[in-house]
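Undergrad: Coordinates only, no sequence provided:
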């Protein structure tokens, strides 16, 4: 069963520790009685069933929570789309049906009565568990108010909570739970007013943006187990900060920069394949993706190495901790220049390739005049006698079977015609793909020039 996780501070020893709290559920008897009187898997045509269900919920008030009247701020599944729980006022939902239900009873409309009786299916029986969690959390926060630093929660949607351990060490839990692909679970650590940025996550995390990476220190999977991982990170980092501030800076700040530089050198030299990672659909684990096409590899190198320039502002603030920021920035710029030269050389090859492909395409047309002439006459015949339109998509796929049944003598011409169009399509696609790479690489060159021109 789910538990509440708290991070607490032993002030005498100045140490953080985890504590797990059982959830107290005062609604168990109500849940059992509800399930007994109104089974979830039954349909009922009773003329009083809907009102009985409504009255039961309204009468069963336990403590300060009411299962029908109160809204709930609770996310059941962190990675799922919006689950319709937070702003649900079931009393309003039920009451708007009551008069219509009474009218259906007077008119003895059995079908409509059954439809209204089905409304009890829409009542989420988990609501009682949600109330119990939130009530228990409030009790824990009051009981341990003198030692509690942070706590787990299941709040729906955008939530950012600041937790202060001491004047130098603060952290935020920034989350957006229960909103599908927009969901996230971030830990953002702030040390002496400077956020710790995970520079090392940039190079090999394929689809991440620099603007997102700068928003967190650690990104966790969308799972309840992440609370324990998150608080353990805080315990470890805080303990190091309190015992050896220099080591703390080297590990969590300088170490991240060193790792990013190592990855920059590595990715720049990886011309055969690059292994990257990305979140699975539910953002619960990382999956691997390998890039093997050279143009994609080169674009990845350029995109990631040049993207490091977006972190210059985050690197500069580390000078407050006596970090040689100029060394790291100069190293990044050095590899930016290297990758620029690499891209410029390949752009020459790509532009030459486009010209060659265009010439090949024109030569194919010239060498296929006879077959194209036959195609026009054949299109006219198909349109006139068989109402087949003369668009490639309409008749090319139909042509082989048609010829086999009707024009066996011209089957060879059909084969040559189909071969011509296949070659044309391949050449057209090759030109389009190559032009696309030229545009993408040119964009990287433009970004580089903009950066250095602005210095």
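TA: Received it, and whenever you're ready, just let me know what you need. In this text, all values refer to a predicted model and were calculated from it rather than measured experimentally.
Undergrad: going forward, measure contacts and count neighbours with C-alpha atoms only.
TA: OK.
Undergrad: measure residue 209 to residue 202 for me?
TA: For residue 209, the distance to residue 202 equals 8 Å [CA to CA, to the nearest Å].
Undergrad: Which one's more surrounded, those two?
TA: Using other CA atoms under 10 Å as the criterion, residue 209 and residue 202 rank with residue 202 on top: 23 against 13.
Undergrad: is it true that the more buried one touches residue 211?
TA: No: assessed by CA atoms under 8 Å, residue 202 is found out of contact with residue 211, at 10.5 Å.
Undergrad: between those two, what contacts are shared?
TA: Counting by CA atoms under 8 Å, 6 or more residues apart in numbering, residue 202 and residue 211 have no shared contacts at all.
Undergrad: roughly how far apart are the residue nearest in space to the middle of the chain and residue 218?
TA: Nearest to the mean C-alpha position of the chain, counting by CA atoms, centre = their mean, stands residue 181 at 4.2 Å. Relative to residue 218, residue 181 is positioned 18 Å away (CA to CA).
Undergrad: Residue 52 now?
TA: 50 Å.
Undergrad: do residue 76 as well
TA: Residue 76 sits at a distance of 23 Å from residue 218 (criterion: CA to CA).
Undergrad: Likewise for residue 320?
TA: Computed as CA to CA, the residue 320 to residue 218 distance reads 22 Å.
Undergrad: now residue 49
TA: Shown here: residue 49 relative to residue 218, a distance of 51 Å by CA to CA.
Undergrad: before we move on, the earlier item: which of residue 320 and residue 218 has more residues huddled nearby?
TA: Shown here are residue 320 and residue 218; by other CA under 10 Å, residue 218 has more neighbours (17 against 11).
Undergrad: give me the beta-bridge partners of that one?
TA: Counting by DSSP bridges, residue 218 forms beta bridges with residue 187.
Undergrad: That one contacts residue 195, doesn't it?
TA: No: judged on CA under 8 Å, residue 218 makes no contact with residue 195 at a distance of 11.3 Å.
Undergrad: Mind listing the shared neighbours of those two?
TA: In terms of CA under 8 Å, 6+ apart, residue 218 and residue 195 are both contacted by the residues residue 188.
Undergrad: hang on, the earlier thing: could you list every residue that touches the residue nearest to the centre of the chain?
TA: Per CA under 8 Å, 6+ apart, neighbours of residue 181: 79, 80, 81, 281, 282.
Undergrad: ok, for the second one, nearest residue in space, not its chain neighbours?
TA: Of all residues not flanking residue 80 in the chain, residue 180 sits nearest, at 4.6 Å (CA to CA, 6 or more residues apart in numbering).
Undergrad: pLDDT value on the one you found, please?
TA: Note for residue 180: predicted pLDDT of 88.
Undergrad: swap in residue 387?
TA: 57.
Undergrad: remind me, longest helix of this protein?
TA: helix 411-454 (DSSP state H).
Undergrad: What is that one packed up against?
TA: On a contact count with 3 or more CA pairs under 8 Å, 6 or more residues apart in numbering; DSSP states H and E, helix 411-454 meets helix 294-307, helix 325-366, helix 369-386, helix 399-406.
Undergrad: if I look at residue 223, how far off is residue 210?
TA: From residue 223 across to residue 210, the span is 24 Å (CA to CA).
Undergrad: what does residue 355 give?
TA: Residue 355 is 36 Å from residue 210, by CA to CA.
Undergrad: Those two: which has the busier surroundings?
TA: Higher neighbour count among residue 355 and residue 210: residue 210, with 17 against 12, using other CA under 10 Å.
Undergrad: List of residues touching stretch 219-233?
TA: Counting by CA under 8 Å, 6+ apart, 5, 7, 18, 78-79, 152, 177, 183-187, 282-285 sit against stretch 219-233.
Undergrad: now do 6 Å
TA: Contacts to stretch 219-233, defined as CA atoms under 6 Å, 6 or more residues apart in numbering, come from residues 78, 79, 185, 186, 283, 284.
Undergrad: what's the distance between residue 234 and residue 276?
TA: For residue 234, the distance to residue 276 (CA to CA) stands at 27 Å.
Undergrad: These two - which one has more neighbours?
TA: Neighbours were counted for residue 234 and for residue 276 using other CA under 10 Å; residue 234 has more, 21 against 16.
Undergrad: tell me the SS of that one?
TA: Taken by DSSP: H, G, I helix; E, B strand; the rest coil, the conformation at residue 234 corresponds to helix.
Undergrad: what residues are up against it?
TA: Shown in contact with residue 234 (CA under 6 Å, 6+ apart): no residues.
Undergrad: what pLDDT does it get?
TA: Looking at residue 234, its pLDDT is 98.
Undergrad: One more: the one 4 residues further on?
TA: What the model reports for residue 238 is a pLDDT of 97.
Undergrad: Contact partners for it?
TA: Counting by CA under 6 Å, 6+ apart, there are no residues that residue 238 touches.
Undergrad: Could you count how many residues lie near residue 371?
TA: Applying other CA under 10 Å, we find 15 residues neighbouring residue 371.
Undergrad: Please renumber the chain so that the first residue is 42 from this point on.
TA: Got it, the first residue is 42 from now on, which makes the last one we talked about residue 412.
Undergrad: Which residue comes closest to it once chain neighbours are left out?
TA: residue 458 (6.3 Å).
Undergrad: and if you look at residue 293?
TA: Residue nearest to residue 293 in three dimensions, not counting chain neighbours: residue 237, with 6.9 Å by CA to CA, 6+ apart.
Undergrad: any idea how far the residue nearest to residue 469 when sequence neighbours are not counted is from residue 411?
TA: Excluding its sequence neighbours, the residue lying closest to residue 469 (CA to CA, 6+ apart) is residue 402, at 7.9 Å. Counting by CA to CA, the separation of residue 402 from residue 411 is 16 Å.
Undergrad: The two - which one has more neighbours?
TA: Between residue 402 and residue 411, residue 402 has the larger neighbour count (other CA under 10 Å), namely 18 against 12.
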